[in-house]
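**Q** structure here, sequence nowhere to be found:
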Ligand code: SF4
C-alpha cells in the first residue's frame, strides 16, 4: 500500500495556491467544482472570480436571471452545468433556507451534483470521510495497483473507490482528497510522468511492472456523431443600425437557453443552391428578395460525443420576414450581440467576420 503520509507531505510542499483552497464556504467550493468539471484550472480561474464577484452568495446566484448566468458562463461550454448551477442555487434558497446540505447523501440530491462533487464538498467543507473520485484519482490509483479493469467502467470505479476508502485517513479527509487529485493533476500525469523520481516509485505496481504507458485502461471509445449545420446570418437592410436574427435554442437542444443564428441541419455538406430549395430556408426567408454576401469557411466544433461541422451564410435580406411573429426569433443589433449568451462556435464566426469587416 502506498504511504499516505508521503502524499500529504508532497501536497504540503507542492500544492498550487488556488483561491477555492482558501475557504471552507461550501458555496464557493461547489462553484469551483462545477466550473472545473471538464475545464482546466487556468481557464476556470477567471470564471471562478467572475462568479464570486458577481454572485458572492448562493442567494445572489438564486436571484439572478438565467440569461445573465449563461452569459457569464459563455466560453466554458457544457452549458447544462450553468443551468444546474442556477437551479441548485434556487433549490438551496427555497428548500434549505439558503444553507448548503452538510452531508454527502443530501448533497447528492442537488441538481447536477454527482458522487464526485458531493464527496468533494462533504469532505472539504464538512470533514465527512467520503472519497472524491475524479479522473486524476482514477489514474493514480489504477497505476498504484496496476489495475486490469477499465477505469471508465462501473467495476473499475467501484474498485478505485474501495481502495481510496482504505487509504483515506480519519483525520482531515478533505485535504487527503485534494492531495490525491493534485498529485494526479500535477505529477502522475497522463503521458510520461516522472516515475523514476516519484515518491511512490517503490510502491507503484504499474511502474514496477513497466505498465505505466498502458494504465489506466479504458473501454473502447463511444462513436462520435458528426453533424452538419448551416447558420443563416440574416442581416437587416437598415445599415444605420445593422441587425441580425437570433434564435433561442429550445429544451433538448445541445445549447438549450443560448442564442444562435437560425440554423438548418443537413445529413452532409450540400451546395448553397440545394440549401435554397429546403423548406427550412423558406421558413426563415420566405421571399426571394435576398443576396448571399458571404459563405464562410468550414468551422468544426467538438462536443463530448459530437463533432459539429458548420458554415455561416451571411444573407442580406430585403423583404419582409413572416417569421417576425416567431417568438423564438428576435432581431438584435450587431453592437448588442455581446449581451447575449452565445456558444463558442458562434462566437468564433462573429469574431472572424464582424470584427474584421
Ligand atoms: S511511479 Fe509513475 S505511475 Fe506510479 S505514481 Fe509515480 S508517477 Fe504515477
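**A** All right, it came through fine. Please read all numbers here as calculations on a predicted model, not as lab measurements.

**Q** dihedrals phi and psi, the closest residue to residue 303 other than its chain neighbours?
**A** For residue 303, ignoring the flanking residues on the chain, the nearest one in space by CB to CB, 6 or more residues apart in numbering is residue 254 at 6.4 Å. C-beta here means a position set from N, CA and C on the backbone, and glycine is covered the same way. Residue 254 has phi and psi values of phi -60, psi -20 when expressed as degrees, to the nearest 10.

**Q** okay, the nearest residue to residue 337 once chain neighbours are set aside: pLDDT?
**A** On the basis of CB to CB, 6+ apart, the spatially nearest residue to residue 337 that is not a chain neighbour turns out to be residue 350, at 6.4 Å. At residue 350 the predicted local distance difference test score is 93.

**Q** the residue nearest to residue 303 contacts residue 306, correct?
**A** Yes: counting by CB atoms under 8 Å, residue 254 does reach residue 306; the two are 7.1 Å apart.

**Q** circling back: can you tell me the element the residue nearest to residue 337 falls in?
**A** Element membership for residue 350 (DSSP states H and E) is helix 344-353.

**Q** going by neighbour count, list what's buried in that helix.
**A** By neighbour count with 16 or more other CB atoms under 10 Å, helix 344-353 contains the buried residues 345-346, 349-350.

**Q** same deal with stretch 35-48?
**A** Applying a neighbour-count criterion of 16+ other CB under 10 Å, one finds 35-36, 39, 44-45, 47-48 buried in stretch 35-48.

**Q** so which of these comes closest to the ligand?
**A** Of all those, residue 36 has the smallest distance to the ligand: 21.3 Å, by CB to the nearest ligand atom.

**Q** figure out how far stretch 246-264 is from the centre of its chain.
**A** The chain centroid and the centroid of stretch 246-264 are separated by 17 Å, computed with CA atoms, centre = their mean, to the nearest Å.

**Q** report the buried residues of that stretch.
**A** Within stretch 246-264, the residues that qualify as buried are 246-249, 254-255, 257-264, counting by 16+ other CB under 10 Å.

**Q** give me the contacts around that stretch.
**A** 66-67, 70, 79-80, 83, 229-234, 244-245, 275, 278, 280-281, 284, 303, 306, 312, 328-332, 337, 340-343, 346 (CB atoms under 8 Å, 6 or more residues apart in numbering).

**Q** report pLDDT for residue 237.
**A** pLDDT for residue 237: 64.

**Q** what does the one 4 residues further on give?
**A** Per-residue pLDDT puts residue 241 at 75.

**Q** interface residues of the stretch 201-350 of the chain facing the ligand?
**A** Proximity of the stretch 201-350 of the chain to the ligand is confined to 201, 204, 206-207, 212 under the rule CB under 6 Å from any ligand atom.

**Q** shouldn't residue 205 be in contact with residue 141?
**A** No: using CB under 8 Å, residue 205 is not in contact with residue 141; the gap is 10.7 Å.

**Q** who has more neighbours, these two?
**A** Here residue 205 and residue 141 are set side by side on neighbour count (other CB atoms under 10 Å), and the busier one is residue 141, at 26 against 17.
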